[in-house]
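Visitor: dropping a prediction and its sequence here:
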Amino acid sequence: MLAPLNFVQQKKLNHRKGALVFFNLKPNPLSAVAMKSTCYWFVLGTADNLSRGNLAAVRILQELLPEPGRLQFIYADLGDAKAVDNIFSQNAFDAVMHFAAVAYVGESTLDHPKYYHNITSNTLTVLETMATHGVPTLIYSSTCATYGEPEKMPITEETPQLPINPYGKAKKMGEDIILDFHMNSNMVVMILRYFNVIGSDPNGRLGEAPRPELWEHGRISGKRNRL
Ligand SMILES: NC(=O)c1ccc[n+]([C@@H]2O[C@H](COP(=O)([O-])OP(=O)(O)OC[C@H]3O[C@@H](n4cnc5c(N)ncnc54)[C@H](O)[C@@H]3O)[C@@H](O)[C@H]2O)c1
């Protein structure tokens, strides 16, 4: 992982305000990332196609950031390169946090093309658009599914990435493309890999609420009996 963590730390230290587009906003633990980001950045836009997201989460964040224009919601599918280009044409972003994805291992084995389009191909679209518009920084949500079934535990940064399902493979390919962009340009990138995320906003404003049709695909939080 290339980790220009200093970028985030520096932003914290400077209390500088920057513009950020956050692809994916929904009421689950990862939304906490967006909530934390609002402390340090002047968040300009969040884009989602709402295929698995929830506008209620956007509304909650907008209530927390009531200043006009502070947090705009952009309805967009990252598979639509024109729509993605429009987002960047109409705004000046300093950074992108790319979290939007279909993210169910089981589903990926049943419908692998969906995963390669949604994860790998859309990541390429985001990167190309960032390059076209000179956006210098990307934070990418990958996954520990890229490690497959490691021979040795615990997993470290040195553990070989040998994914065993289309979800992990699609993310690994996304990572490889990102690293190529990094190596061939000034783009600064950070790739996050983690296992199942659990927990929500400690103040209870956002929590996990997966769509009923996705319950059977398994989440460790937000299951039917917890809603
Ligand atoms: N939840 C976890 O435990 C976990 C673990 C490791 C990695 N991740 C990664 O973190 C990211 C977020 O995971 P999550 O749990 O919030 O997933 P999620 O399925 O709950 O939410 C994904 C979001 O992306 C949006 N989206 C999907 N395809 C889109 C598209 N083409 N255009 C625009 N928006 C689109 C959905 O509407 C939804 O809001 C994903 O990239 C996932 O692979 C999640």
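Guide: Looks like it arrived, so ask away.
Visitor: CA atoms only: put the longest helix seen in the chain into CSV for me.
Guide: Using DSSP state H, we find that the single longest helix of the chain is helix 166-183. Below are the C-alpha coordinates for helix 166-183, written out as CSV (Å, rounded to 0.1, in the frame of the first residue of the first chain):
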residue,chain,number,x,y,z
PRO,A,166,-14.4,-12.2,-8.3
TYR,A,167,-15.0,-9.5,-5.6
GLY,A,168,-11.4,-9.8,-4.4
LYS,A,169,-10.0,-10.1,-7.9
ALA,A,170,-11.9,-7.1,-9.2
LYS,A,171,-10.6,-5.0,-6.2
LYS,A,172,-7.0,-6.3,-6.8
MET,A,173,-7.2,-5.3,-10.4
GLY,A,174,-8.6,-1.9,-9.3
GLU,A,175,-5.5,-1.6,-7.0
ASP,A,176,-3.1,-2.5,-9.8
ILE,A,177,-4.6,0.2,-12.1
ILE,A,178,-4.4,2.8,-9.3
LEU,A,179,-0.7,2.0,-8.7
ASP,A,180,0.0,2.3,-12.5
PHE,A,181,-1.6,5.8,-12.4
HIS,A,182,0.4,6.6,-9.4
MET,A,183,3.7,5.5,-11.0
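Visitor: list of residues touching that helix?
Guide: Residues from elsewhere that reach helix 166-183 (Cβ atoms under 8 Å, 6 or more residues apart in numbering): 2, 101-105, 107-109, 112, 115-116, 118-120, 123-124, 127, 131, 138, 140, 142-143, 145-148, 161, 163, 187-189, 191. Every residue, glycine included, has its C-beta placed from N, CA and C.
Visitor: return the residues of this structure in contact with the ligand.
Guide: Within the chain, the residues that sit near the ligand (Cβ under 6 Å from any ligand atom) are 24, 26, 28, 30, 48-53, 77-79, 99-103, 118, 122, 141, 143, 194, 196-197.
Visitor: checking whatever residue of the chain ends up closest to the ligand next. Helix, strand or coil?
Guide: In the chain, the residue found nearest to the ligand is residue 53; the distance is 2.6 Å by Cβ to the nearest ligand atom. What DSSP: H, G, I helix; E, B strand; the rest coil gives for residue 53 is coil.
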